[in-house]
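Novice: Got a predicted model here, sequence first, then my questions.
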Amino acid sequence: MIAARISVLAALGSSALLFGCTTDGAPNALASGEAASATESVVAAALPTQVDNFMLTDADYMGHELYRLADAKAVVIVTHMNGCPIVRAMTPALKELRDAYKDKGVEFLMLNSALQDKPETVKAEAAEFGLDIPVLIDANQLVGEQLGVTRTAEVFVIDPKTWKVIYRGPLDDRIDYGGAQKAKVTPFAANALDGLLAGKPTVQHASLSTKGCLIDFPERAKKAQHAQISYAKDVAPILEAKCVGCHQPGSIGPFAMTSYEMVKGFSPMIREVIRTDRMPPWNADPHVGKFQDDKSLTKAEIKTLVHWIEAGAPRGDGADPLAQKERHAADWPLGKPDLILDIPAYKIPASGVVEYQRPFVANPLTEGKWIKASTYKIGARQAVHHYLSGYINEVPAAGSQVNEMRWGAGVGGYAVGAESTYWPTNVGTYLPPGGAVAFQAHYTPYGKDVVEKSQIGLYFYKDDEKPDLMMRSTVVVDNSIVIPPGAARHKETAYVEFPKEALLYSAFPHAHYRGYASDLWVQYPSGEKKLLLAMPRYDFNWQREYTFAEPIKIPAGSRVIANYWYDNSKRNPANPDPSKEIVWGDQSWEEMFYTALRFRWIDETATKQVNYDELMNQTRMVGMMDDNVDGKLQKAELRGRAGEMIGKYWAMLDKNGDAALDKAEMAAAQAMMGRGRRGGGQNAAMPSAEPAPGGR
């Protein structure tokens with residue numbers, strides 16, 4: 001055994017003799033035995049010349065897509081693992097290198113492919129050792145596999161013009177970052193960067209091997225098994241369960257998965273959209289929370305599909321499950337509705353701007369019903385951004401537009417990825433007889449004139465199964481947002497405070513083209529916080545309500561806090577104009593901060609209805625602008641029209657003279673603004689926004 005280990009280490013180069021010990025002289029089990037030989041011999045034959053695109057989340061649940069860095073002068077990726085003494089010891093030297101090149105357009109990232117590490121432990125270790133470079137969590141090991149990673153402290157220098165690896169090896173030729181220093185250090189990585197920045201991106205090789213800890217890649221030794229993955233038994237069932245619903249004739253997928261040949265033809269694209277986390281369109285991070293109707297692929301499913309594709313997508317034996325039956329998207333995927341309402345038709349022009357439309361349809365019900373689900377049948381999918389709806393107790397005049405401020409019970413909404421709204425068992429929304437159902441319609445021209453005519457289908461509880469509990473809804477909203485020109489990670493914060501105990505069922509985050517990431521927290525009256533939902537990479541093309549597997553208990557006095565990050569930089573491919581300051585607005589090239597919540601009050605039943613809206617609204621304006629979440633407003637937090645009005649009367653409102661407005665003082669401010677509105681003024685605090693998609 002000892003002889004075998006010496007043989008392996010010698011083969012790796014003289015510096016590898018140091019791998020058997022940590023910097024304090026303790027044995028390093030990761031660097032010993034035949035495992036090192038097996039791992040490194042497998043990868044040595046297939047080192048990449050080019051890095052494929054990927055999207056990974058860092059330890060703070062912020063997404064990073066590699067190809068968004070195409071304008072960088074160079075990208076440096078350094079491998080990481082918790083507990084590795086080499087990584088810990090080299091951190092100061094790595095930060096020195098980062099600092100030396102940060103003004104030269106060089107981006108630095110770290111890659112953690114260690115199976116045993118989790119975001120929270122990586123974050124804790126980074127904080128302990130002062131590591132302030134984003135550490136990307138490669139939980140499925142697909143990026144590490146493609147890069148041929150074997151050890152920590154490996155440095156990859158990448159040319160963003162070609163995405164080729166121009167250097168791979170150690171940071172430099174030091175053998176001990178924590179002890180005595182060499183008189184002269186050979187800076188391998190810096191030399192490679194200098195060559196690339198000088199326009200000479202020659203592939204360079206270090207004279208020594210990387211000195212880091214071995215990382216276990218169990219799938220790397222299974223290439224033969226990957227070639228035996230069964231399309232019929234392993235791959236097609238995953239596609240049927242997670243993909244075919246959209247990728248079938250009549251549905252929204254750009255191609256239909258109707259046979260092996262179709263899947264094979266699109267297999268390179270399937271691999272790419274999985275690696276970049278674009279498909280399936282489920283943006284909740286798997287490390288945070290559990291959700292009903294989870295559309296994401298499991299780790300095992302991701303690895304099966306990608307490894308099958310990388311093995312050449314072999315057909316194998318067995319009948320083709322995707323070709324065995326005829327498929328077509330159903331008009332009404334939840335079955336025939338109990339009531340179908342025709343949304344008034346609207347002619348959408350080929351180009352230009354279409355303001356929000358607010359049509360309505362008379363409610364034909366002669367007796368009240370309890371809604372348990374709703375869904376939409378869309379006429380022109382390319383032209384419809386979203387529909388939202390709500391009940392009003394009177395039928396408006398023909399041709400009039402009904403503002404959302406008049407809405408009562410929510411009837412359900414539509415957006416791409418959120419076609420249906422479900423109510424939990426024994427929970428419903430009451431739709432009274434008569435009156436009307438009003439809609440907020442956001443239409444987007446797409447190159448040709450089209451008449452959009454859609455329908456909403458409602459599903460009711462039967463008379464003998466009326467629900468006992470009532471669903472309500474609210475929003476965490478901030479219409480005072482201001483996003484500076486060129487800002488790549490601009491953060492905004494808002495919250496809503498619950499005056500009474502509630503159960504939170506779901507959250508529906510929403511932003512526009514510049515939305516980058518979002519999360520949702522509950523802060524208990526004790527001050528303790530819990531992360532409920534993390535969306536490291538928000539995707540405006542897909543809207544979705546995330547329903548918790550178990551409702552979240554919200555004690556009275558708790559705050560539900562939303563954070564949004566916006567990318568108004570040129571690196572955002574969807575950004576219409578990075579040079580503009582962006583504020584709140586209805587249109588997609590403007591922005592929103594909007595998270596709809598569905599909940600119920602613990603002490604409310606269908607027969608004992610309560611209304612705490614007024615109590616909730618007393619703190620709503622504070623929650624909208626209180627960026628530091630201290631329960632008060634400082635002058636520096638005042639923005640937008642509401643902020644201007646409050647600032648104008650600051651001296652009068654700040655009755656205790658503490659340079660901040662508390663809840664009581666803000667309640668007085670809201671009352672004053674309310675009096676202004678009754679006198680004909682416009683509501684400067686609350687936006688004409690997209691209301692919650694669920695019932696109330």
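Specialist: That came through fine.
Novice: In the stretch 301-450 of the chain, where is pLDDT below threshold?
Specialist: Counting by pLDDT under 70, the stretch 301-450 of the chain shows no low-confidence range.
Novice: Who are the packing partners of whatever helix or strand Pro92 lives in?
Specialist: For Pro92, the enclosing helix or strand under DSSP states H and E is helix 85-101. In terms of contacts (3 or more C-beta pairs under 8 Å, 6 or more residues apart in numbering; DSSP states H and E), helix 85-101 is packed against strand 74-80, strand 106-112, helix 188-197. Glycine gets a C-beta too; all of them are placed from N, C-alpha and C.
Novice: any idea which of these is most buried?
Specialist: strand 74-80 (a mean of 25; mean count of other C-beta atoms under 10 Å).
Novice: Report the inter-axis angle for that strand versus helix 188-197.
Specialist: For strand 74-80 against helix 188-197, the angle by axes from the mean of the first three to the mean of the last three C-alpha atoms, to 10 degrees is 160 degrees.
Novice: Against which helices or strands is strand 74-80 packed?
Specialist: Counting by 3+ C-beta pairs under 8 Å, 6+ apart, strand 74-80 packs on helix 85-101, strand 106-112, strand 155-159, helix 188-197.
Novice: low-scoring stretches of the stretch 451-600 of the chain, by residue?
Specialist: Using pLDDT under 70, nothing in the stretch 451-600 of the chain is flagged.
Novice: got the contact list for the residue nearest to the spatial centre of the chain?
Specialist: For the chain, Met535 is the residue whose C-alpha lies nearest the centre (C-alpha atoms, centre = their mean; 2.6 Å). Shown in contact with Met535 (C-beta atoms under 8 Å, 6 or more residues apart in numbering): Asn283, Ala284, Asp285, Pro509, Ala517, Ser518, Asp519.
Novice: Look up the closest residue to the second one, ignoring the ones flanking it.
Specialist: Same thing as Ala284. Spatial nearest neighbour of Ala284, chain neighbours left out: Tyr546 (5.5 Å); criterion: C-beta to C-beta, 6 or more residues apart in numbering.
Novice: Give me the distance between the one you found and Pro445.
Specialist: 30 Å (C-beta to C-beta, to the nearest Å).
Novice: Of those two, which one has the most company?
Specialist: Tyr546 (21 against 16; other C-beta atoms under 10 Å).
Novice: From what I see, the more buried one and His510 are in contact.
Specialist: No: with contact defined as C-beta atoms under 8 Å, Tyr546 does not count as touching His510 (11.8 Å).
Novice: Show me whatever sits in contact with both of these two.
Specialist: Joint contacts of Tyr546 and His510 (C-beta under 8 Å, 6+ apart) do not exist.
Novice: Report the beta-bridge partners for Phe460.
Specialist: Beta-bridge partners recorded for Phe460 (DSSP bridges): Ile371.
Novice: Just give the nearest non-adjacent residue to Ala319, would you?
Specialist: Nearest to Ala319 is Ala232, by C-beta to C-beta, 6+ apart, at 6.4 Å.
Novice: And the one you found, its phi and psi?
Specialist: Phi and psi for Ala232, reported as degrees, to the nearest 10, are phi -70, psi -40.
Novice: measure it to Ile238 for me?
Specialist: 12 Å.
Novice: Equivalent analysis for Ala93, please.
Specialist: For Ala93, the distance to Ile238 - C-beta to C-beta - is 44 Å.
Novice: Leaving out chain neighbours, which residue sits closest to Glu272?
Specialist: Among residues not flanking Glu272 along the chain, Asn53 sits closest, at 6.5 Å (C-beta to C-beta, 6+ apart).
Novice: so is the one you found in a helix, a strand, or just coil?
Specialist: coil (DSSP: H, G, I helix; E, B strand; the rest coil).
Novice: That one touches His64, doesn't it?
Specialist: No: using C-beta under 8 Å, Asn53 is not in contact with His64, being 11.2 Å away.
Novice: what's near enough to touch the closest residue to Ala227 other than its chain neighbours?
Specialist: In this structure, Ala227 finds its nearest non-sequential neighbour in Ala311, 4.5 Å apart by C-beta to C-beta, 6+ apart. Contacts for Ala311 (C-beta under 8 Å, 6+ apart) come out as Lys223, His226, Ala227, Ile229.
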